[in-house]
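In: what's the 3D shape of this:
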Amino acid sequence: MNYKIFAINPGSTSTKIALFDGEIKLFSANVSHDAKILKGFPTIAQQLPYREGTISALLKENSIGLGQVDAFVGRGGGLLGVEGGTYSINETLLDHAVTCANGVPHPATLGPQLAAKYAASYGKKAYVVNPPDTDELQDVARVTGIKGVYRSVHLHALNLKETAIRHARSMGKKYEECNFIVCHIGGGVSVSAHACGKMIDGNDIVGGEGPMAPTRCGAVPVVEVLNYLASTGADLGTVKSLAVSSGGFVSHFGTSDAQEVTARIARGDKAAELIWNAFVYQIEKYIGSMAIALKGRIDGILLGGGLVHNASLVARITEDCGFLAPVTAYPGEFEMEAMAAGVSRVLNGEELPKEYTGVPAWTGFAF
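Out: Down below sits the predicted model:
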């Protein structure tokens with residue numbers, strides 16, 4: 001059965017919205033918000049009334065009513081680690097989104113808040129699907145070489161899992177029957193290992209792990225970071241910024257625009273060529289590491305994200321990593337479709353909705 005679902009995905013200065021009837025997208029828009037107005041709010045949560053007003057005005061302008069919507073879904077954010085799946089938005093989940101319980105302030109924390117607000121207005125239910133804090137790591141992937149320091153992951157879980165679900169379907173299989181290496185290659189880069197429906201390993205894109213990305217430094221030797229602090233006088237805030245927003249291409253070139261970097265290469269810029277090659281090389285190294293996480297039993301290597309529109313990037317990864325498993329490109333992202341699909345699976349009884357308890361998926365080892 002098809003259900004009408006309204007999906008909401010807040011970004012830094014805009015909010016993507018889409019109305020679905022089953023898998024059919026009836027309406028979509030990228031609602032722009034005034035950056036100066038947004039900066040005037042002390043916290044992200046305080047942006048809620050302004051964003052809601054802007055969204056509602058655009059819906060009215062386009063004669064889009066929400067009275068017939070069966071459920072609302074928002075991009076997750078601010079939550080403690082959870083297993084993958086579709087979660088009903090309860091008071092605990094909403095509180096954690098508002099207070100940013102995971103300590104990572106991001107506009108995505110407004111997703112559950114907006115979905116819950118619209119749902120309350122129309123007497124419907126609200127959900128989140130595979131939030132960025134999806135944590136299904138196998139135990140050995142959590143351990144580090146420092147006692148008491150453990151790995152967690154923050155990934156593009158929503159798009160990674162939807163890409164895997166869709167590819168499994170194209171093979172005539174269920175996601176739970178397959179093993180995939182799934183990459184999201186955009187402003188940030190996620191490389192993840194999926195074994196029988198669980199994302200058992202991947203890089204922490206907000207923790208300074210993984211490949212260099214257009215806006216992120218990726219993994220850097222700790223001693224070299226300390227040397228950098230000592231030689232430049234930079235503080236820890238600078239290092240955190242390099243990990244999430246001012247590293248990678250931004251640090252090297254002052255821009256996160258990959259097209260500008262490749263244009264520089266075309267003009268003979270050797271530095272740009274080296275950095276680009278290192279960028280691709282690092283992605284491939286992490287793909288290789290995920291092959292080990294899956295013990296070589298890989299049904300496919302899947303590439304998603306905005307930079308996968310770059311045919312030469314896809315060709316390079318295919319040539320270098322194709323010996324591990326077939327490589328398939330899914331340019332762009334399925335975030336809006338993924339949210340609607342997750343809720344549809346619940347409404348159709350294909351999956352049970354999960355309850356957010358506020359207790360992290362992993363609370364430590366027993367020893």
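In: who does His184 bridge with?
Out: On the basis of DSSP bridges, His184 is bridged to Ser190, Gly304.
In: For it, give its distance to Lys295.
Out: Separation of His184 from Lys295 (CB to CB, to the nearest Å) stands at 23 Å. The way it works is simple: take the backbone N, C-alpha and C, and place the C-beta from them, glycine included.
In: Settle it for me: which of those two has more neighbours?
Out: Taking neighbours as other CB atoms under 10 Å, His184 and Lys295 compare with His184 leading, 29 against 10.
In: thought the more buried one was touching Gly304?
Out: Yes. Between His184 and Gly304 a contact is recorded at 5.3 Å, counting by CB atoms under 8 Å.
In: Pull the residues that contact stretch 226-233.
Out: The contact list for stretch 226-233 (CB atoms under 8 Å, 6 or more residues apart in numbering) reads 234-236, 238-239.
In: Looks like Gly22 contacts Ser344 (just checking).
Out: Yes. In this structure, Gly22 is within contact of Ser344 by CB under 8 Å, at 6.5 Å.
In: So for those two, which sits in the more crowded spot?
Out: Using other CB under 10 Å as the criterion, Gly22 and Ser344 rank with Ser344 on top: 22 against 15.
In: Off-centre distance for the helix or strand containing that one?
Out: According to DSSP states H and E, Ser344 maps onto helix 335-347. The chain centre lies 15 Å from the centre of helix 335-347; the measure is CA atoms, centre = their mean, to the nearest Å.
In: what do you get for stretch 47-65?
Out: Using CA atoms, centre = their mean, the offset of stretch 47-65 from its chain centre is 25 Å.
In: again with stretch 117-127
Out: 24 Å.
In: Nearest spatial neighbour of Arg345, chain-adjacent residues omitted?
Out: Leaving out its chain neighbours, the residue that sits closest to Arg345 by CB to CB, 6 or more residues apart in numbering is Glu351, at 4.4 Å.
In: can you tell me how far that neighbour sits from Pro112?
Out: Relative to Pro112, and taking CB to CB, Glu351 is found at 19 Å.
In: So for the two, which residue has more residues nearby?
Out: Pro112 (33 against 14).
In: still on that earlier bit, who's in contact with the residue nearest to Arg345?
Out: Applying CB under 8 Å, 6+ apart, we find Glu351 in contact with 85-86, 342, 345.
In: go with 10 Å
Out: 85-86, 342-345 (CB atoms under 10 Å, 6 or more residues apart in numbering).
In: So of those, which two are at opposite extremes in space?
Out: Largest separation among these by CB to CB: Gly85 and Ser344, giving 13.5 Å.
In: all helices of the chain, in order?
Out: 35-39, 48-61, 91-99, 110-122, 157-170, 222-232, 236-244, 249-253, 258-266, 270-293, 311-321, 335-347 (DSSP state H).
In: what's the closest of the ones you listed to Pro211?
Out: Of the helices of the chain, nearest to Pro211 by CB to CB is helix 270-293, at 3.6 Å.
In: Tell me how far Thr15 lies from Ala29.
Out: If you go by CB to CB, the gap between Thr15 and Ala29 works out to 9 Å.
In: Can you check which residues contact both of the two?
Out: 55, 58.
In: Comparing the two, which shows the higher neighbour count?
Out: Neighbour count, other CB under 10 Å: between Thr15 and Ala29, Thr15 has more, with 26 against 17.
In: Please render the contacts of stretch 226-233 as JSON lines that adds neighbour count, distance to Leu59 and pLDDT to the earlier fields.
Out: Output for the contacts of stretch 226-233, formatted as JSON lines (neighbours: other CB atoms under 10 Å; distance: CB to CB, whole Å; pLDDT from 0 to 100):
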{"residue": "Ala234", "neighbour count": "14", "distance to Leu59": "45", "pLDDT": "96"}
{"residue": "Asp235", "neighbour count": "10", "distance to Leu59": "44", "pLDDT": "95"}
{"residue": "Leu236", "neighbour count": "9", "distance to Leu59": "42", "pLDDT": "93"}
{"residue": "Thr238", "neighbour count": "14", "distance to Leu59": "41", "pLDDT": "96"}
{"residue": "Val239", "neighbour count": "18", "distance to Leu59": "42", "pLDDT": "95"}
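In: Could you point out the bridge partners of Thr134 in the sheet?
Out: Bridge pairing for Thr134 - DSSP bridges - gives Val82.
In: let me fix that: Thr15
Out: Bridge pairing for Thr15 - DSSP bridges - gives Pro10, Val31.
In: what's near enough to touch Asp34?
Out: 13, 40, 50, 54.
In: Now, of those residues, which are buried?
Out: Thr54 (16 or more other CB atoms under 10 Å).
In: any idea which of the contacts of Asp34 is closest to Gly76?
Out: Using CB to CB, Thr13 comes nearest to Gly76 of the contacts of Asp34, at 19.7 Å.
In: Quick check: nearest residue in space to that closest one, chain neighbours excluded?
Out: The shortest distance from Thr13 to any non-neighbouring residue, by CB to CB, 6+ apart, is to Ala35 (4.9 Å).
In: Same question for Lys16.
Out: Ranked by CB to CB, 6+ apart and with sequence neighbours excluded, the top spatial neighbour of Lys16 is Asn9, at 4.2 Å.
In: Neighbours of that neighbour, how many?
Out: Asn9, neighbours per other CB under 10 Å, totals 24.
In: That one contacts Gly74, doesn't it?
Out: Yes. Contact between Asn9 and Gly74 holds when scored by CB atoms under 10 Å: they sit 7.5 Å apart.
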